[in-house]
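S.K.: return a 3D structure for these sequence lines:
(one chain, ligands or ions: 1)
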Amino acid sequence: MPAAPILVAVPADVRDFDNYRWHATPDTYLKALTRVAEALPIIVPALSNEFEIAVLLDRVDGLMLTGSASNVHPDRYGVPPSQAHEPFDPDRDRLTEALIRGAIGKGVPLLCICRGHQELNVALGGTLATEIQEIEGRMDHRAMPNKEQRERFAIRHPVSVTPGGMLAGIVGAHEIEVNSVHRQAIDRLAEGLTVEATASDGTIEAVSVEGARAFALGVQWHPEYWAETDAASAAIFEAFGEACRDYAAGRGR
Ligand SMILES: N[C@@H](CCC(=O)NCCCC(=O)O)C(=O)O
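M.R.: I've put the predicted structure just below:
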């Protein structure tokens, strides 16, 4: 880790355990940021009514959204909520929507993973499909239930990377193997997003923000899980770290 590392904001999930309400984020994302992007992660509590988003964004060099078992509340994309959409984390939804819009507006580098990729689409006006494994022609993108993390993240499938796109430039391949731990996916793509990768069943696996002033990428899979061992996963975190360093240098940090 450099002496003056870049600072990357990581919005927290809200979880209740041990008789407390926690604002927390999984360690895999934090280690991928420190070890591969060479960034210092700053976990941001999902208390967006307690501070100014703009003040936070003024102080960080990047924003990374993690995956989570919770789903974006369907009210945010105009679909009536049902049990199939649960569980929810409304405080995270409120925080991430404001951060995504603020980061894109300001040109802060943005990496959105799994739930984060779905949040990016919703924040820009798109919608999500739920329980996609029940839709005719779609694959099962869920992890095996009740297994250890090593086994849950072991199931891979290929994704086709859009030739000439931002992701292709990062991973240097037309096809990569990705892990898959989700049951929702982008349904209507938000205006302003470009598809960067798709699965063979048509699932949108990666997007970028058209005309973004900095790195702005969403991936439906989990590069953080293999960031130290898989070339494509490492390349995504390295490129994000580089973009954050460029952004920091551009504003004299
Ligand atoms: N909840 C959404 C997002 C999926 C996601 O972010 N998965 C990360 C891992 C969650 C886990 O470990 O269970 C969906 O299911 O599509």
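S.K.: got the phi/psi numbers for Ser180?
M.R.: Per-residue torsions, Ser180: phi -160, psi 120 (degrees, to the nearest 10).
S.K.: which residue is the nearest non-sequential neighbour of it?
M.R.: Of all residues not flanking Ser180 in the chain, His141 sits nearest, at 4.4 Å (Cβ to Cβ, 6 or more residues apart in numbering). Every C-beta, even on glycine, is put in place using the N, C-alpha and C of the backbone.
S.K.: my guess is that neighbour contacts Glu131. True?
M.R.: No. The criterion here is Cβ atoms under 8 Å, and His141 misses it with Glu131 at 10.5 Å.
S.K.: interface residues of the stretch 51-200 of the chain facing the ligand?
M.R.: For the stretch 51-200 of the chain, the residues in contact with the ligand (Cβ under 6 Å from any ligand atom) are 67-71, 114-115, 181-184.
S.K.: okay if I get the residues you listed as CSV plus secondary structure and neighbour count?
M.R.: Putting those into CSV (DSSP: H, G, I helix; E, B strand; the rest coil; neighbours: other Cβ atoms under 10 Å) gives the following:
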residue, secondary structure, neighbour count
Gly67, coil, 24
Ser68, coil, 23
Ala69, coil, 13
Ser70, coil, 18
Asn71, strand, 22
Cys114, coil, 24
Arg115, helix, 24
Val181, coil, 19
His182, coil, 21
Arg183, coil, 17
Gln184, coil, 20
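S.K.: now render those residues as CSV, adding pLDDT.
M.R.: Formatted as CSV, these follow (pLDDT from 0 to 100):
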residue, pLDDT
Gly67, 98
Ser68, 98
Ala69, 96
Ser70, 98
Asn71, 98
Cys114, 98
Arg115, 98
Val181, 96
His182, 97
Arg183, 97
Gln184, 98
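S.K.: end-to-end on stretch 129-147?
M.R.: One end of stretch 129-147 sits 25 Å from the other (Cα to Cα, to the nearest Å).
S.K.: err, stretch 42-59, not the other one
M.R.: 11 Å.
S.K.: and if you look at stretch 184-196?
M.R.: Stretch 184-196 has an end-to-end distance of 18 Å (criterion: Cα to Cα).
S.K.: report the distance from it to the chain centre.
M.R.: 13 Å (Cα atoms, centre = their mean, to the nearest Å).
S.K.: also stretch 171-186?
M.R.: 12 Å.
S.K.: identify the residues contacting the lowest-mean-pLDDT helix or strand in the chain?
M.R.: Scoring the helices and strands of the chain by mean pLDDT, DSSP states H and E places helix 149-152 at the bottom, with a mean of 92. By Cβ atoms under 8 Å, 6 or more residues apart in numbering, the surrounding residues in contact with helix 149-152 are 143-144, 181, 225.
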